[in-house]
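Peer 1: test case, fold it:
(2 chains)
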2 protein chains.
Amino acid sequence: MKKVTVFGGGTGSYVVLSGLKSRRLDLAAIVTMMDSGGSTGRLRDQLGVLPPGDLRQCLVALSDASTLWRELFLYRFESGDLAGHNFGNIFLSALEKVSSNYNEVIETASYVLQTKGKVIPVTFEKTHLGVTYDNGKRIIGETHIDENNPEPGVITNAFLEPKAIPNPQSLTRIAESDRFIVGPGDLYTSIIPNFLPQGIKEAMHRSPARLIYILNLMTKHGQTTDYKASHHLKDITHYVGRQPDIVIVNNAAVPTDILAWYKSHHERLVENDLISTGYQGTIVEADLVDRTKFKRSKGDKLTRSILRHDTDKLAKVLLQYI
Amino acid sequence: MKKVTVFGGGTGSYVVLSGLKSRRLDLAAIVTMMDSGGSTGRLRDQLGVLPPGDLRQCLVALSDASTLWRELFLYRFESGDLAGHNFGNIFLSALEKVSSNYNEVIETASYVLQTKGKVIPVTFEKTHLGVTYDNGKRIIGETHIDENNPEPGVITNAFLEPKAIPNPQSLTRIAESDRFIVGPGDLYTSIIPNFLPQGIKEAMHRSPARLIYILNLMTKHGQTTDYKASHHLKDITHYVGRQPDIVIVNNAAVPTDILAWYKSHHERLVENDLISTGYQGTIVEADLVDRTKFKRSKGDKLTRSILRHDTDKLAKVLLQYI
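Peer 2: Down below sits the predicted model:
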């Protein structure tokens, strides 16, 4: 079976992994451990645990357990002391407290969720994401970069504070992989952090595996403000250590009311300028839009974007290139 | 296999069930659902769930899963939003939110904890415990009766507010049982509530199964202040609907420093006056004391008593009469 490794964290990886889970693939997710917002951030700050949120999403995406278990892990409390906390995050945090190491945490969660495939935290070190803008401004902390970030500038550098060594399993997995899938997801807060621990970029560079990049549907204010496809590709190439061999791009129209919502948040469709800017790899265009609006739960204070890639449409396209 | 049914909730039932779990018995616990204090009380108030604490203790006591799972379910958060909350309580509360009925909650928790035997909530109704004292004072709410209750009087009546019908499984189990074990545990807040839902007392009265009562080691201020063995027996007989056939009593000495701690809380050893007051059943006396002091976890605000029955000593005695 082909070893396919997905890089990310958050909803983008959830969509990709859910779509590929039932296929005959040796699937793994390498997951960012730099989240510091929402329920995850509070657990991280208050309990001193590793950030559970991205891991939890990937574990549930790969789960073959009953609907009840998946619903349980995605359940968010709406009131009282636990308001805004996600059960899966609490589960991983408590498990970390009683486990002898983090591999035991992943194994136990994978067992109960019956995950098909491996979920690999990119590092076990407690580190924070930082970025520098072209005006010299620095922001440390994933949530400050991700949430309500008014900074209009261009990010010129992303780094970890402190520097972190990777989970050895992530290096092994990269060396063994036949295919890499990068994205979709917030470029600087969900994707690039996976390539910042020392040695990951070099391992990616050494690998002959085909690299598939799934372009985001929308720009993200504060990190990819006004980015076109070529800007995404430039940053990916820089941080991953290689240019993607294939770029998967949505070409379907998006309803104007959704675009209006995004416009009010200073965000817009990512324009595909790959041909005009001289990209030499394969460009795959397809209708990839999930037309179901994403609902926010009452207790969840994060602003979630309402447009998503469609799991099945994306999987169908990916399978042609895996 | 003999069908043995344990009535209670809290630490007393934990000790009894842990000791009997590995024996060749068809074991069940009928568990009070009237707890309203601590982590359980907050979850109950804030989320509108059934009280998970007593159930959780019985599920863990009967668990045949790895130490990790049992430690996880007993883990209590020490800081932040979750401070004082027990993971097992959070698990049962979230599960109740995503399940279609409470049987599904018990089944799912039993599956993951690999419980040997059944845990049966005595009722699925949201009801509160109330008591009336001989001076006419009424207290509603388990935690107000149980925790720091300064009332020096004698309880003359215990009731549910509102009245509750039992879980049908508890009636079925009572009818099928060969042996009943009642206690140890706080008489009015952990034991008697099991017999208050409508029809339980009558079902107990009808059953020919042998009734074994384990006498508490210490009095409990506010509910069994200055109680001797005969007072416990009188109340048990009244609420259970039958006199116990066998009473198991500790006869080992308790260290004076522990007695001094209790004395400062207006509590003392339960004096065995069963013979002098004319009890005609079997009295079994043995050393039943667990000499390990019970430690409080930092995040747990409840005052836990420091003297316990010893699991193995108690099981050894019980097995002679089962």
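Peer 1: show me where the stretch 201-322 of chain A has strands.
Peer 2: A:210-214, A:246-250, A:282-286, A:289-290, A:308-309 (DSSP state E, counting those that start in this stretch).
Peer 1: can you list these in CSV and add mean neighbour count, distance to chain B and mean pLDDT?
Peer 2: (C-beta placed from N, C-alpha, C; glycine too.) Rendered in CSV, the data for those read as follows (neighbours: other CB atoms under 10 Å in any protein chain shown; distance: least, CB to the nearest CB, whole Å; pLDDT from 0 to 100):
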stretch, mean neighbour count, distance to chain B, mean pLDDT
strand A:210-214, 24, 30, 98
strand A:246-250, 23, 33, 98
strand A:282-286, 15, 34, 98
strand A:289-290, 18, 23, 94
strand A:308-309, 23, 22, 94
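Peer 1: can you give me the helices for chain A?
Peer 2: Under the criterion DSSP state H, chain A contains helices at A:11-20, A:38-47, A:53-61, A:67-74, A:87-98, A:102-113, A:142-146, A:168-176, A:200-206, A:229-240, A:256-264, A:311-321.
Peer 1: show residues contacting the last one.
Peer 2: Outside helix A:311-321, the residues within contact range by CB atoms under 8 Å, 6 or more residues apart in numbering or on different chains are A:15-16, A:18-20, A:23, A:179, A:181, A:210, A:212, A:214, A:246, A:248, A:282, A:284, A:286-290.
Peer 1: now do 10 Å
Peer 2: A:4, A:6, A:12, A:14-23, A:25, A:61, A:179, A:181, A:184, A:210, A:212, A:214, A:245-246, A:248-250, A:252, A:282, A:284-290, A:308-310, A:322 (CB atoms under 10 Å, 6 or more residues apart in numbering or on different chains).
Peer 1: can you state the direction angle for it and strand A:282-286?
Peer 2: Here the directions of helix A:311-321 and strand A:282-286 differ by 150 degrees (axes from the mean of the first three to the mean of the last three CA atoms, to 10 degrees).
Peer 1: in stretch A:238-245, what's buried?
Peer 2: A:239-245 (16 or more other CB atoms under 10 Å in any protein chain shown).
Peer 1: how far is it from where the chain is centred?
Peer 2: 16 Å (CA atoms, centre = their mean, to the nearest Å).
Peer 1: using PDB, list the CA coordinates for that stretch.
Peer 2: C-alpha atoms of stretch A:238-245 as PDB (Å, rounded to 0.1, in the frame of the first residue of the first chain):
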ATOM      1  CA  HIS A 238      10.600  28.000   1.000                       C
ATOM      2  CA  TYR A 239       9.500  26.300   4.200                       C
ATOM      3  CA  VAL A 240       8.900  22.800   2.900                       C
ATOM      4  CA  GLY A 241      12.200  22.800   1.100                       C
ATOM      5  CA  ARG A 242      10.800  21.800  -2.200                       C
ATOM      6  CA  GLN A 243       8.400  23.100  -4.900                       C
ATOM      7  CA  PRO A 244       5.100  21.100  -5.000                       C
ATOM      8  CA  ASP A 245       4.800  18.700  -7.900                       C
END
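Peer 1: could I get the average pLDDT for that stretch?
Peer 2: For stretch A:238-245, mean pLDDT rounds to 98.
Peer 1: what does stretch A:15-30 give?
Peer 2: On average, stretch A:15-30 scores 97.
Peer 1: next, the distance between the ends of it.
Peer 2: End-to-end distance for stretch A:15-30, by CA to CA, to the nearest Å: 14 Å.
Peer 1: how far is that stretch from where the chain is centred?
Peer 2: From the chain centre to the centre of stretch A:15-30 is a distance of 14 Å (CA atoms, centre = their mean).
Peer 1: what are the buried residues along that stretch?
Peer 2: Across stretch A:15-30, burial judged by 16+ other CB under 10 Å covers A:15-21, A:25-30.
Peer 1: among the residues you listed, which two are most distant?
Peer 2: Greatest spacing in the buried residues of stretch A:15-30, by CB to CB: A:Val15 and A:Asp26 (19.7 Å).
Peer 1: residue contacts, A:Ser18?
Peer 2: By CB under 10 Å, 6+ apart, the contact set of A:Ser18 is A:57-58, A:60-63, A:311-312, A:314-315.
Peer 1: ah, wrong one, I meant A:Ser264
Peer 2: So A:Ser264 contacts nothing (CB under 10 Å, 6+ apart).
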